[in-house]
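[1] Generate a structure from the sequence data that follows.
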Amino acid sequence: MAGMTIAEKILARAAGQERVRPGEIVVCEVDVAVQLDMGFLGERPALRQVWDPSRVVVVADHLAPAADPASAEAHVRMRAFAEQFGLQHVYDVGRQGISHQLVAELGMALPGTVLANSDSHTCAAGAFNCVARGLGAPEMLYVLATGRTWYLCGPTTRFVLSGELPPRVLPRDVVHYIAGAYGDFAGQNLEYVGPTVAAMSMAGRQTIATMSAELSVEFALFEADATTDAYLRARTDAPYTPVFADPDAEYAAVHHVDVSALEPQVALPGRVPHNVAPVSAVAGTRIHQAFVGSCANGRLEDLAMAAEIVKGRKVHPNVRFLVTPSSQQQLKEAVRLGIVETLLEADAVVTNSTCGACFGGHMGVLGPNEVCLTASTRNFQGRMGHPSAQIYLGSPATVAASAIAGCIADPRDLL
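    A predicted model of the protein is given here:
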């Protein structure tokens, strides 16, 4: 009998089963549950219990700080909920971060475990060899009360990445290229392995795992290695057991991608799968707003890349360049290293940590017919504001270079 993939092995452990195969519905024990402030908007059913207050994380991220009376009321409900059940992990305004970055920094997304969260980019935790995906609001209430949920196990496609990324070509460009060349993977899991991955920082892996949501994947998974272990051991002493695919695991497909000749990639407005072009094909497209941030690209190395490109330069007078760190911790480090000062000197606007502009909530909403190049997660019509606005997706390097040029530009031209 064939072996199992990473997702199948983790689901089997969580279900107390010997094995899991594609097509099976698996009822799992959840290791960590994350409840966002958005979940407290409006009325919701009252819970009588929370299954384990030490394993529930409550985060103010989408609406932080409160953007209007409705979000302020949601935060009041969130604080009351946390107090009622004695939750041990509460990250309110001032301590907040975008949930996927926060659980990483807390060392709560651990190899071999299951993480539940209502946000669609929850697959970000797969960078840590963790099975994670977004769940609907009713299912999250069930998880909070019982510590259990179910998944339909899908088939897995494996990407083997090789070659060294050229200067100013980033992991974000890799996942854009995969989306453009291979399309979506609805109902499937993805595994990312190979020498390129082994040389990649945790931040780069987090970007690829996060953006895999735009490929419609269930779980996006990386192997745990020395880089993973070093990151986690600096943050937690909790035990964990990494999970690797069996040598004879069955895959829907295995694709080999050499990144050595890759150039920056830009996703065109509307969707990501089969809608990506090299930057040279769209260079010169005028933009009104440039954005670096979100759970995809708001980490320290992303902010540092943006600062490196704009240093000694000024943002184009017709462009608003917004930079939003993915957590308060990332912001503190960027301040300490002088990154924020460099960005401000270039006339960028640096905000607190929030999902704000990414989902069109606040602090960077687009107006009619505006064009934005963003390193955030999504380019759907109306995603970041007015439905007539056009949203292009690029790496932090491409976004920063374009903020200077006033139009979509190749970051390699500013080397």
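
[2] so what's residue 153 up against?
    7-8, 11, 20-26 (CB atoms under 8 Å, 6 or more residues apart in numbering). Using the backbone N, CA and C atoms, a C-beta is placed for each residue, glycine as well.

[3] Make a ChimeraX selection of the buried ones in the residues you listed.
    Buried residues within these, by 16 or more other CB atoms under 10 Å, are selected in ChimeraX with:
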select :7,8,11,20,22,24,26
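
[4] just the helices in the stretch 201-350 of the chain please.
    202-211, 226-233, 279-282, 294-297, 300-310, 328-336, 339-345 (DSSP state H, counting those that start in this stretch).

[5] Present those helices as JSON lines; the columns should include mean pLDDT and mean neighbour count.
    Compiled in JSON lines, those are given as follows (pLDDT from 0 to 100; neighbours: other CB atoms under 10 Å):
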{"stretch": "helix 202-211", "mean pLDDT": "98", "mean neighbour count": "26"}
{"stretch": "helix 226-233", "mean pLDDT": "98", "mean neighbour count": "15"}
{"stretch": "helix 279-282", "mean pLDDT": "98", "mean neighbour count": "18"}
{"stretch": "helix 294-297", "mean pLDDT": "97", "mean neighbour count": "32"}
{"stretch": "helix 300-310", "mean pLDDT": "98", "mean neighbour count": "23"}
{"stretch": "helix 328-336", "mean pLDDT": "98", "mean neighbour count": "18"}
{"stretch": "helix 339-345", "mean pLDDT": "98", "mean neighbour count": "18"}
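
[6] can you redo these as JSON lines with distance to residue 59?
    Below are these laid out as JSON lines (distance: least, CB to CB, whole Å):
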{"stretch": "helix 202-211", "distance to residue 59": "16"}
{"stretch": "helix 226-233", "distance to residue 59": "19"}
{"stretch": "helix 279-282", "distance to residue 59": "34"}
{"stretch": "helix 294-297", "distance to residue 59": "11"}
{"stretch": "helix 300-310", "distance to residue 59": "19"}
{"stretch": "helix 328-336", "distance to residue 59": "11"}
{"stretch": "helix 339-345", "distance to residue 59": "23"}
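
[7] Show me which of the contacts of residue 153 is closest to residue 389.
    residue 7 (36.1 Å; CB to CB).

[8] returning to that earlier point: take the contacts of residue 153 and write them to CSV, including secondary structure and distance to residue 141.
    As requested, the contacts of residue 153 are exported to CSV (DSSP: H, G, I helix; E, B strand; the rest coil; distance: CB to CB, whole Å):
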residue, secondary structure, distance to residue 141
7, helix, 25
8, helix, 27
11, helix, 22
20, coil, 25
21, coil, 29
22, coil, 28
23, coil, 27
24, coil, 24
25, strand, 20
26, strand, 20
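
[9] Pull the number of nearby residues for the residue nearest to residue 240 when sequence neighbours are not counted.
    The shortest distance from residue 240 to any non-neighbouring residue, by CB to CB, 6 or more residues apart in numbering, is to residue 110 (4.1 Å). Here the number of neighbours of residue 110 (other CB atoms under 10 Å) works out to 24.

[10] Contacts only, for residue 110.
    31, 128, 130, 232, 236, 238, 240.

[11] Dump those into a markdown table; add distance to residue 395 as well.
    Shown next, in a markdown table, are the contacts of residue 110 (distance: CB to CB, whole Å):
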| residue | distance to residue 395 |
| --- | --- |
| 31 | 32 |
| 128 | 22 |
| 130 | 24 |
| 232 | 26 |
| 236 | 30 |
| 238 | 33 |
| 240 | 31 |
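
[12] Let's see if you can find the most crowded of those.
    Top of those by neighbour count (other CB under 10 Å): residue 130, with 31 neighbours.

[13] separation between that one and residue 147?
    16 Å (CB to CB, to the nearest Å).

[14] for residue 289, same thing?
    42 Å.

[15] Tell me which of those two has more neighbours.
    Neighbours were counted for residue 289 and for residue 147 using other CB under 10 Å; residue 289 has more, 24 against 19.

[16] sorry, back to before: I'd like the distance between the residue nearest to residue 240 and residue 103.
    In terms of CB to CB, residue 110 sits 10 Å off from residue 103.

[17] Residue 158 too?
    From residue 158 to residue 103 the distance is 25 Å (CB to CB).

[18] Over to residue 90?
    Taken as CB to CB, the span from residue 90 to residue 103 is 13 Å.

[19] Tell me which of these two has more neighbours.
    Taking other CB under 10 Å, residue 90 and residue 103 do not tie; residue 103 has more neighbours (27 against 17).

[20] What are the contacting residues of the helix or strand harbouring the more buried one?
    Using DSSP states H and E, residue 103 sits in helix 99-105. Outside of helix 99-105, the residues within contact range by CB under 8 Å, 6+ apart are 32, 34, 36, 57, 59, 61, 91, 96-97, 109, 115, 117, 119, 121-122, 124-125, 127-128, 202, 206, 210, 231, 235, 295, 298-299, 326-327, 329-330.

[21] Go through these and flag which are in strands.
    The strands, defined by DSSP state E, take in 32, 34, 36, 57, 59, 91, 115, 117 from these.

[22] Most neighbours among the residues you listed, which one is it?
    residue 34 (31 neighbours).

[23] Name whatever forms a beta bridge with that residue.
    residue 57, residue 117 (DSSP bridges).

[24] about what we covered before: residue 382: which of the contacts of residue 153 is nearest?
    Once CB to CB is applied, the member of these that ends up nearest residue 382 is residue 7, at 32.3 Å.

[25] Find the nearest non-adjacent residue to the closest one, please.
    Nearest non-adjacent residue to residue 7 (CB to CB, 6+ apart): residue 189, at 4.3 Å.

[26] pretty sure that neighbour contacts residue 152?
    No - the pair residue 189 / residue 152 is not scored as a contact, 10.9 Å apart, by CB atoms under 8 Å.
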